[in-house]
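> Got a sequence here, can you build the structure:
(2 chains)
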Protein chains: 2
Amino acid sequence: MSAFVEKLLVAAQRSRSLLCVGLDPDPAQMALPDVAEFNRAIIEATSDLVCAYKPNLAFYEALGVPGLLALEKTLQHIPSHIVTIGDAKRGDVQPSSRFYARAMFDRWGFDAVTVIPYLGSDSLEPFLERPEKGVFVLCRTSNPGAREFQDLELTGLEWERRPLFEFVALRAAAWDTHGNVGLVVGATYPEEIKHLRELCPDMPLLIPGVGAQGGALETAVRYGVDRNGRRAIINASRSVLYASRDRASFAEAARREALRVRDLINETLQREGKPWPR
Amino acid sequence: MSAFVEKLLVAAQRSRSLLCVGLDPDPAQMALPDVAEFNRAIIEATSDLVCAYKPNLAFYEALGVPGLLALEKTLQHIPSHIVTIGDAKRGDVQPSSRFYARAMFDRWGFDAVTVIPYLGSDSLEPFLERPEKGVFVLCRTSNPGAREFQDLELTGLEWERRPLFEFVALRAAAWDTHGNVGLVVGATYPEEIKHLRELCPDMPLLIPGVGAQGGALETAVRYGVDRNGRRAIINASRSVLYASRDRASFAEAARREALRVRDLINETLQREGKPWPR
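Numbering: from 1, shown residues only, chains lettered A, B, ... in the order given. As a prediction, the model looks like this:
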């Protein structure tokens, strides 16, 4: 087991939670104008309920350099035992990817990153070669247009009509020599989660799309977890962050929503006979 | 013709050049320690020889916030008639992509951006809907591993055994309602350039991989240009930036290399009967 997966399992156990909160600050929806302060309030209100936080870099980059300074401060507020996932969908030819890996892992200090498979394994080598870091490969994304390319059927010698996203999963499994590779699979596609969990029984699955995107929580948990009820990271962003826009109570509302989702997840684990140990 | 393509054609005509210089500052190779100063010297030495500059964001992000401040300064140094391409390989589910588009086009102010197709057209809509901005879709990348996914053969009702990258090109052409879509095609794969130019006769092609990556310049130009000898952007990065590591003469060496490549491109255009008008 990689140091990354170990950190993930320990963090989940400590909070008894598979929940990840996506820190995606949208100035049009935030109850506070300052991104770092807003995130700090969210983190303080929820950190005992999550296994991970997942800042999506788009939201910080859209604010320019001040946004990236706020990202720096945000990462400092996250307790060190909790996993940080830099949701950046990075990937480039190898010389450039090497600099992205440096940015995500060494500059920002994320424990894990999301990456794109399209350029092939050499493009991801600078991420994969860091056994202490997690690498979540985009496999089946949560958006409606995911079907456009990810469902294209491939022909091959050994198999017939396999969709692209399955092939991506099989390749990701082949790259996983350090046990630090995971997949991104949208909660909006439960059958695909089920199928990918069968294909990759031990990989961490990062599952966005519950909450605002409408993916069904229960099936995401049921199909997403491994045989022990672990290694699924269920992400909610907007439904937690913007549970209330009231300055005085948004953090409390975020906590209530995070608690609600964590408990729903845990009820599902219980029903599946995979509860947290006492 | 979109405002973006018009800007590209005018810039190319003014410099009589299809050359783009990739501004990829690597502290281990730079003749000056300061990124913004280094880039300014490169820009001042080469701006009459290029149609575009292409900063790859990986190199700036790897330096953290100071790197991004250097990117801001770098963009200010680029003469306003020259096209700026933010080589960021961005793409995410639509709500997040909207923030990436804001970052690239509005915060940084790039004229164009490189994007990834894997998430499908809805994920790219926030980029595509800006007719004054260029959107270069990764199609056939220049790296050795490009074959791993991009060459996978698809089965379909209307066609047999088409590789994924061709399908990406056809989809990109279908998205191109504003005439602002281009493709990224590595110079290291000349046959693919030729084929994509046939499939997409009017699209701008961004062609990296000459110089340090070893792609053949002449075939990239011959196959990459449109019927008028335009709409190809031939990118060289390391071979220009690091032509010399001598503090006193690196800018001059960069100019010499840029001039050499531009002239080689123009000799090919001449041989092809597609010279610049007098």
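> going forward, measure contacts and count neighbours with C-alpha atoms only.
OK.
> Helices along the stretch 151-278 of chain A, start to end?
Secondary structure of the stretch 151-278 of chain A (DSSP state H, counting those that start in this stretch): helices located at A:164-175, A:190-199, A:217-224, A:238-241, A:250-271.
> Turn those into JSON lines, including mean pLDDT.
JSON lines is the format used below for the helices of the stretch 151-278 of chain A (pLDDT from 0 to 100):
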{"stretch": "helix A:164-175", "mean pLDDT": "96"}
{"stretch": "helix A:190-199", "mean pLDDT": "96"}
{"stretch": "helix A:217-224", "mean pLDDT": "96"}
{"stretch": "helix A:238-241", "mean pLDDT": "97"}
{"stretch": "helix A:250-271", "mean pLDDT": "97"}
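> Can I get those in a markdown table including distance to A:Leu138?
Below are those laid out as a markdown table (distance: least, C-alpha to C-alpha, whole Å):
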| stretch | distance to A:Leu138 |
| --- | --- |
| helix A:164-175 | 8 |
| helix A:190-199 | 12 |
| helix A:217-224 | 15 |
| helix A:238-241 | 20 |
| helix A:250-271 | 23 |
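> so can I have JSON lines of the ones you listed showing mean neighbour count?
Converted to JSON lines, the helices of the stretch 151-278 of chain A look like this (neighbours: other C-alpha atoms under 10 Å in any protein chain shown):
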{"stretch": "helix A:164-175", "mean neighbour count": "20"}
{"stretch": "helix A:190-199", "mean neighbour count": "18"}
{"stretch": "helix A:217-224", "mean neighbour count": "23"}
{"stretch": "helix A:238-241", "mean neighbour count": "24"}
{"stretch": "helix A:250-271", "mean neighbour count": "20"}
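> got those helices as JSON lines, with distance to chain B columns?
Converted to JSON lines, the helices of the stretch 151-278 of chain A look like this (distance: least, C-alpha to the nearest C-alpha, whole Å):
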{"stretch": "helix A:164-175", "distance to chain B": "8"}
{"stretch": "helix A:190-199", "distance to chain B": "15"}
{"stretch": "helix A:217-224", "distance to chain B": "18"}
{"stretch": "helix A:238-241", "distance to chain B": "11"}
{"stretch": "helix A:250-271", "distance to chain B": "20"}
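> Of those helices, give the one that comes closest to B:Phe165.
Of all the helices of the stretch 151-278 of chain A, helix A:164-175 sits nearest to B:Phe165, with 12.5 Å by C-alpha to C-alpha.
> So which elements touch the closest one?
Counting by 3 or more C-alpha pairs under 8 Å, 6 or more residues apart in numbering or on different chains; DSSP states H and E, the packing neighbours recorded for helix A:164-175 are strand A:134-140, helix A:147-150, strand A:181-185, helix A:190-199.
> What is the burial count for A:Gly273?
Counted with other C-alpha atoms under 10 Å in any protein chain shown, residues neighbouring A:Gly273 total 11.
> next one: phi and psi at it?
Its backbone dihedrals place A:Gly273 at phi 70, psi 30, with angles given as degrees, to the nearest 10.
> Does the residue in the stretch 101-250 of chain A that chain B sits nearest to belong to a helix, a strand or coil?
Checking the stretch 101-250 of chain A residue by residue against chain B with C-alpha to the nearest C-alpha singles out A:Ala103 as nearest, at 3.9 Å. Secondary structure for A:Ala103, judged by DSSP: H, G, I helix; E, B strand; the rest coil, is helix.
> Looks like A:Glu252 contacts A:Ile43 (just checking).
No: with contact defined as C-alpha atoms under 8 Å, A:Glu252 does not reach A:Ile43; the gap is 11.1 Å.
> Would you quantify the distance from A:Gly91 to A:Val113?
A:Gly91 sits at a distance of 10 Å from A:Val113 (criterion: C-alpha to C-alpha, to the nearest Å).
> which of these two has more neighbours?
A:Gly91 (31 against 24).
> Next, the contact list for the more buried one, please.
A:Gly91 sits next to A:Ser97, A:Tyr100, A:Val115, A:Ile116, A:Pro117, A:Leu119, A:Ser123, A:Leu124, B:Lys89 when contact means C-alpha atoms under 8 Å, 6 or more residues apart in numbering or on different chains.
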